[in-house]
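**Q** No sequence on hand, only this structure:
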């Protein structure tokens with residue numbers, strides 16, 4: 001049976017950091033690609049004040065940004081490298097210090113505002129002839145065709161067909177829901193309070209994290225000397241923190257952080273979002289793939305969420321390019337299964353490790369606390385093990401896609 005040629009070879013639902021990275025990675029091919037983004041570009045463009053939401057970008061993710069031609073523009077906006085990471089337990093003596101110099105690297109990673117990443121990638125998309133940016137619009141419904149591919153309807157009423165539909169549309173993915181793919185997971189009964197503050201002492205290009213009984217509190221270095229905070233705590237405390245005036249919030253924050261960077265001398269606006277763990281049973285269906293938060297949601301305590309998603313995007317791009325090179329249909333389940341096998345095990349491992357850390361540090365039993373503190377301090381003293389952990393988190397080790405590898 002002869003099938004009608006689809007409107008697009010690939011439709012990516014979701015123009016966030018992960019979806020736009022995938023579009024950039026495939027934007028110099030002969031594919032016909034549509035990228036759907038729900039927000040107008042003017043609403044995404046970075047403002048003079050730093051965004052409330054930031055990401056800790058690994059070396060592997062930076063290589064992906066460089067490979068797709070977006071890194072230089074990101075640095076032209078603002079990025080903040082960090083060379084050290086200090087973690088300690090508020091209830092004991094345990095601590096660990098990661099130092100880029102000890103593993104022979106110039107830095108551990110970068111703290112970059114989510115809006116800077118997304119806007120820069122979307123601007124790069126607009127330069128690529130293979131990609132049509134449909135913005136502002138979002139996917140409303142999707143259904144499989146009788147032949148290969150999917151039909152999608154957008155919220156502006158337009159309909160298109162595609163060989164391959166990619167869900168990069170977040171934790172509440174419409175693509176995943178329309179495909180009937182189930183998820184597993186649970187709420188952490190926590191919210192993350194985020195904001196930007198200025199401290200009396202300099203941040204020293206260091207990512208700081210203190211584990212409190214209610215959740216981790218991170219101070220992440222920003223380009224202008226301020227810190228972005230991510231304070232994971234109970235929903236009740238989070239709601240209370242949002243209602244405090246600046247002086248009261250600054251006092252509570254400095255106390256929770258053990259005054260490690262002195263007094264909080266300036267407080268910006270604040271926000272909060274709920275935390276959960278979530279993982280899909282399947283990443284792929286015939287003619288469909290899920291990437292980023294549409295496939296997996298992880299606790300932010302180690303800042304790995306967006307890095308996992310970017311590795312998804314780079315891996316799926318490689319699988320698609322390899323399928324094209326060997327004459328396969330890019331939506332064929334055989335090709336897409338390779339992407340699922342490649343990424344699912346690594347993602348499950350990271351989700352499990354982050355969930356274990358969250359539970360370990362929130363356990364108040366004295367014996368568990370003692371073992372936790374001993375484990376931190378012993379790992380800090382064990383140079384080879386500590387360096388291996390750091391290199392893995394930085395994206396310097398593991399089965400990486402081509403875009404994320406150091407080709408030098």
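**A** That came in fine, so what should we check first? Quick caveat, the model's predicted, so the values are computed rather than measured.
**Q** which ones are touching the residue nearest to residue 402 when sequence neighbours are not counted?
**A** Closest residue in space to residue 402, ignoring its immediate chain neighbours: residue 318 at 5.6 Å, by C-beta to C-beta, 6 or more residues apart in numbering. The C-beta positions use only the backbone N, C-alpha and C, and glycine is treated the same way. Listed by C-beta atoms under 8 Å, 6 or more residues apart in numbering, the contact partners of residue 318 are 401, 402, 403.
**Q** Give me the buried entries from these.
**A** 401, 402, 403 (16 or more other C-beta atoms under 10 Å).
**Q** which among these gets closest to residue 38?
**A** Nearest to residue 38 out of the buried ones among the contacts of residue 318 is residue 403 (C-beta to C-beta; 25.8 Å).
**Q** show me where the stretch 201-350 of the chain has strands.
**A** Taking DSSP state E, counting those that start in this stretch as the criterion, the stretch 201-350 of the chain contains strands spanning 206-212, 215-221, 227-233, 264-280, 284-285, 288-290, 296-297.
**Q** mind putting those strands in a markdown table, distance to residue 258 included?
**A** Below are the strands of the stretch 201-350 of the chain laid out as a markdown table (distance: least, C-beta to C-beta, whole Å):
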| stretch | distance to residue 258 |
| --- | --- |
| strand 206-212 | 6 |
| strand 215-221 | 9 |
| strand 227-233 | 13 |
| strand 264-280 | 12 |
| strand 284-285 | 46 |
| strand 288-290 | 40 |
| strand 296-297 | 30 |
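**Q** among those strands, which is the most enclosed?
**A** Most buried of the strands of the stretch 201-350 of the chain, by mean neighbour count (mean count of other C-beta atoms under 10 Å): strand 288-290, with a mean of 28.
**Q** and that one, what other elements does it pack with?
**A** When contacts are defined as 3 or more C-beta pairs under 8 Å, 6 or more residues apart in numbering; DSSP states H and E, strand 288-290 packs onto strand 159-167, helix 174-179, helix 333-362.
**Q** Let's see that with 6 Å instead.
**A** Judged by 3 or more C-beta pairs under 6 Å, 6 or more residues apart in numbering; DSSP states H and E, strand 288-290 is in contact with strand 159-167.
**Q** What is the nearest of the contacts of residue 318 to residue 250?
**A** residue 403 (41.8 Å).
**Q** In strands, which of the contacts of residue 318 fall?
**A** Per DSSP state E, strands hold no members of those.
**Q** Tabulate those (a markdown table), appending pLDDT.
**A** What follows is the contacts of residue 318, written out as a markdown table (pLDDT from 0 to 100):
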| residue | pLDDT |
| --- | --- |
| 401 | 93 |
| 402 | 93 |
| 403 | 95 |
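**Q** Would you mind listing the buried residues in stretch 79-93?
**A** Buried-residue list, stretch 79-93, by 16+ other C-beta under 10 Å: 79-90, 92.
**Q** tell me which of those residues is nearest to residue 286?
**A** Out of the buried residues of stretch 79-93, the member with the shortest distance to residue 286 (by C-beta to C-beta) is residue 79, at 39.5 Å.
**Q** got the contact list for the one residue sitting closest to the centre of the chain?
**A** For the chain, the residue nearest the mean C-alpha position is residue 306 (1.1 Å; C-alpha atoms, centre = their mean). Shown in contact with residue 306 (C-beta atoms under 6 Å, 6 or more residues apart in numbering): 17, 55.
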